[in-house]
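Chemist: sequence and predicted model, in that order:
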Amino acid sequence: MGMATGQAEAVTSRGGAAAPPALLTVENLQTFFRTSGGTVRAVDGVSFDLAAGASLGIVGESGSGKSVTSLSIMRLIDRPGFIAGGRILFKGRDLVELPERDVRRIRGGEISLVFQDPMAALNPVYTVGSQVVEAILAHRPIGRKQAMERAIELFRMVGIPAPEVRVNEYPHKLSGGMRQRVTIALALANEPDLLILDEPTTALDVTVQAQILDLVRDLQQRVDTAVLLITHDIGVVREVCEEVIVMYGGRVMERGSVAKLTDDPKHPYTVGLLGSMPQPGMKGRPLQAIPGAVPAPLAMPQGCPFQSRCPHMMEVCTAMPPLKDPGDGRLVACWLYEGGATP
Amino acid sequence: MTTTAEPMTSPAAREADPILEVRNLKTHFPVGGGLLSGRTQWVKAVDDVSFSIFRGETFGLVGESGCGKSTLARSIVRLETPTAGEVRFEGEDLASLSRRRLRRRRKDLQVIFQDPMSSLDPRMTVRELIAEGLDIQRDLPRPERRERVEWLVERVGLRREHLDRHPHEFSGGQRQRIGIARALALRPKFILADEPVSALDVSVQAQVLNLLSELQAEFGLTYLFIAHDLSVVEYFSDRVGVMYLGKLVEVAKAEELYADPRMPYTKALLSAIPGEGGVRGRERIVLKGEVPSPIDPPSGCPFRTRCWMAQGICAEVTPPLAEVRPDHWAACHFSDRT
Ligand SMILES: Nc1ncnc2c1ncn2[C@@H]1O[C@H](COP(=O)(O)OP(=O)(O)OP(=O)(O)O)[C@@H](O)[C@H]1O
Ligand SMILES: Nc1ncnc2c1ncn2[C@@H]1O[C@H](COP(=O)(O)OP(=O)(O)OP(=O)(O)O)[C@@H](O)[C@H]1O
Ligand SMILES: [Mg+2]
Ligand SMILES: [Mg+2]
């Protein structure tokens, strides 16, 4: 199918002769959910890659498949969900095929995930320090005392004041921002090669969000971990990431450098998303809102999921366009850039 | 001790027509004190706030979670009973009105909430939801009521066939449109919109903001607008007030506030807007520590415990909200420092 080959081009998106080998390559991932009303194609042919130490953002509206993508990478999709197709190559091994035993070793070790709600990741009945210690001991043959020293070191690294005191606190005693720092410390406990952050700051106040984003950017440079940052806020991506993927309806609409996508968006959805966000100097003028709403998961149209809201909708849009480079090093999945028409 | 100055006394403000005047408003909530001590403690959710809202403007309110935005707004429309102070609506002190007068007045002040789902009765149809307020208004004959409901549902961008459906059959954005139609039904003069777009996707948020702007122009509405997205507040508001720990610490025209904040907390807050580094080249100010408890706020300036400019006086004297430039009010002893 043309669709498959097109999406697979994303693999080579970093281009250039000196491109480092990808740490993570997601190839045509399909993750579906069986529901009483039918099969929800939550992620439907998503492809991207991420080099070691690089940072990639994923933006898109609610329900576009961002979290399901990250959960698929962590192999945390449970029934009624299942990975229906595609590959997730991590250091050359396909996580989709890996036995659960091996996946468990990778999870929280080489790959770790930080969620929006820190309370969901923390156990209320143990001190935050002991939770980090357990995470370390699960992956390393060291003693408890040594592990605690490392936990204190991690707390210091993520900017928790008086770490040797704070390790003995219970999660509910900490503020939202401190808790999120603890979960980041927890995620970093085993020096992961890939850190996935799913809306890590959505529940936090802007000043706390700024602290956490500064921390992530700083860590990424110092620890050299690759970061996959999921958010619905392109401003958050701008703070941390070099590149960004725009998802809609379980598919990748556009991918490229953050500067390129925000200064000169190509996909009509990316254009609409940016037009919907107030910019300084826009005062008094209406926002360029996208009409309508995302179709219900079971009512997704054949072909491009954005067609029903797209101002450039054409007949050909009932087939999914491949992700292609329009000639400037990015990737766009839109027939407008397939030589069919000009925008 | 200095008393809090009132933004309404500025010459320009006197020219403008205040629809709402808030004076020394306090709303304190009792919280369970120590059982044995029997001492009640108080959360000073709103603590001595004074400002005015002018007819036809959008007054934006920002500040971090728990700083008292909703309580202030709810006290203004009397969903909350203030502990002290005055709220004058078109010159009338709302607290002094008889129950009947207050009920009549209330239709002029309507509210749009963040989560329309929790404020819309799931058993009612859209028609019933929009008409609910009208039913209280006995003087409107039935056919006209019906007509107004049909006109409203279309005006907010829904269709007539939606009238017989229930809220759960709608998307978040559509539910917010129902909430807006409901608020508009009684032809209010003033609308409190408490995080009306926070639960919506960006693309739908833009639709709702556009709708609110159109309606404001069409009906000459005055908005008190609360949102946690600072870029949205800048775009949507004429003037903006910043709250910290129950106090209003800065008020100015949106453009001026965002370009040249005078209160250190505002500076820190605005510097935290994500993705702004490139756009405005603002230097990030990282705040130390955490917001103090509203039960036991610091003496003097509420922000002094985290302020990099704090001096001895800040612990002793609460800085009044003073006019530091024409129409620009800030509560800081050092507001003239850059
Ligand atoms: N357990 C499940 N059963 C059925 N459908 C599911 C399940 N989990 C997710 N989905 C569907 O998968 C789609 C993608 O969901 P996902 O959580 O990935 O969205 P998202 O992009 O992370 O959105 P948000 O911004 O709201 O977090 C949605 O349509 C959702 O309804
Ligand atoms: N009914 C109540 N009883 C006791 N305390 C209350 C009550 N309502 C609010 N508070 C407290 O008053 C303070 C201000 O709360 P408020 O909801 O007004 O803040 P906010 O600025 O609207 O926050 P958010 O951005 O999270 O909506 C908080 O400390 C809150 O816990
Ligand atoms: Mg999600
Ligand atoms: Mg609130």
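Modeler: Done, it's in. Numbers count the residues shown, from 1 in each chain, chains lettered A, B, ... in the order given. Ligands and ions are numbered 1, 2, ... in the order given.
Chemist: show me where pLDDT drops low in the stretch 201-343 of chain A?
Modeler: The stretch 201-343 of chain A contains residues with pLDDT under 70 at A:339-343.
Chemist: quick check: which element contains residue 210?
Modeler: Went with chain A since none was named. Element membership of residue A:210, judged by DSSP states H and E, is helix A:206-223.
Chemist: actually it's chain B I care about, not the one you picked
Modeler: Following DSSP H and E, one finds residue B:210 within helix B:202-219.
Chemist: pull out the buried positions in the helix holding residue A:210.
Modeler: For helix A:206-223, the neighbour count (16 or more other CB atoms under 10 Å in any protein chain shown) marks A:206-216, A:219-220 as buried. All C-beta spots, glycine's among them, are computed from the backbone N, C-alpha and C.
Chemist: ok, stretch B:44-64 next?
Modeler: Residues of stretch B:44-64 classed as buried: B:44-54, B:56-64 (neighbour count, 16+ other CB under 10 Å).
Chemist: same thing with stretch B:284-296?
Modeler: B:284, B:285, B:287, B:291, B:292, B:294.
Chemist: quick check, the helix holding residue B:210 touching ligand 1?
Modeler: No - against ligand 1, helix B:202-219 shows no contacts by CB under 6 Å from any ligand atom, the least distance being 10.5 Å.
Chemist: rewinding a little: could I get the buried residues of stretch B:284-296 as a markdown table with pLDDT and distance to residue A:331?
Modeler: Formatted as a markdown table, those follow (pLDDT from 0 to 100; distance: CB to CB, whole Å):
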| residue | pLDDT | distance to residue A:331 |
| --- | --- | --- |
| B:284 | 84 | 32 |
| B:285 | 88 | 37 |
| B:287 | 86 | 39 |
| B:291 | 85 | 43 |
| B:292 | 90 | 49 |
| B:294 | 89 | 50 |
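Chemist: nearest to ligand 1, of those?
Modeler: Checking these against ligand 1 with CB to the nearest ligand atom, the nearest one is residue B:284 at 25.9 Å.
Chemist: can you name the residues that contact the nearest residue to that closest one once chain neighbours are set aside?
Modeler: Closest residue in space to residue B:284, ignoring its immediate chain neighbours: residue B:271 at 5.1 Å, by CB to CB, 6 or more residues apart in numbering or on different chains. Contacts for residue B:271 (CB atoms under 8 Å, 6 or more residues apart in numbering or on different chains) come out as A:210, B:282, B:283, B:284, B:285.
Chemist: could you measure from residue A:112 over to residue B:129?
Modeler: Residue A:112 sits 46 Å away from residue B:129, going by CB to CB, to the nearest Å.
Chemist: cool, residue A:166 as well?
Modeler: Here residue A:166 is placed at a distance of 49 Å from residue B:129 (CB to CB).
Chemist: and for residue A:193?
Modeler: Distance of residue A:193 to residue B:129, given as CB to CB: 53 Å.
Chemist: cool, residue B:282 as well?
Modeler: Look at residue B:282 and residue B:129: by CB to CB, they are 43 Å apart.
Chemist: the more surrounded of these two?
Modeler: Between residue B:282 and residue B:129, residue B:129 has the larger neighbour count (other CB atoms under 10 Å in any protein chain shown), namely 22 against 15.
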